[in-house]
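[1] Structural data only, the sequence is not supplied:
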């Protein structure tokens, strides 16, 4: 779900556009393809890392994210990041997800770290297109699900 927020934040002109119904009489623009989205996420992020939330939001000192694997950037495994949730303004009736201890996934950011999880299919696409190098866990997972081996 969080990765959907990234895509909508990346491709919506304003937060209201992400919630508005389609305009009638205006031709629909085809959404960008998977390769374009994966490349855009890669290019917009100076850091792409896998990790786990080790302290949730609402605790004294704020949420913390521990880096377990680095796909892109200067961070090192073991780095602890102060992190905030960023998402477009929620639509009416939609609540903003919480940052809970134990959440894990891949995040990409430039500047201050934000908890915008990148959906697994985009990470897999970045691996397939050789934008990033697969971790040992990625290679094993890709072989298990039968999508072929990830690049070395």
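    Great, that's in hand. Just so it is clear, the structure is predicted and the values come from calculations on it, not from any experiment. Numbers count the residues shown, from 1 in each chain.
[2] Sketch out the low-pLDDT regions of this protein for me.
    By pLDDT under 70, the low-scoring segments of the chain are 1-22, 85-97, 145-152.
[3] May I have the phi/psi pair for the spatially most central residue of the chain?
    Nearest to the mean C-alpha position of the chain, by C-alpha atoms, centre = their mean, lies residue 118 at 2.0 Å. When quoted as degrees, to the nearest 10, the phi and psi of residue 118 stand at phi -90, psi 130.
[4] Contacts only, for the nearest residue to residue 108 once chain neighbours are set aside.
    Once flanking residues are discounted, residue 108 sits nearest to residue 45: 3.2 Å by C-beta to C-beta, 6 or more residues apart in numbering. All C-beta spots, glycine's among them, are computed from the backbone N, C-alpha and C. Shown in contact with residue 45 (C-beta atoms under 8 Å, 6 or more residues apart in numbering): 72, 73, 108, 109, 110.
[5] Can you pick out the ones from the residues you listed that are in helices?
    Judged by DSSP state H, helices contain none of the contacts of residue 45.
[6] Out of those, which is nearest to residue 125?
    The closest of the contacts of residue 45 to residue 125 turns out to be residue 108 (C-beta to C-beta; 12.9 Å).
[7] Report how many residues lie close to that closest one.
    Other residues near residue 108 come to 26 when the count uses other C-beta atoms under 10 Å.
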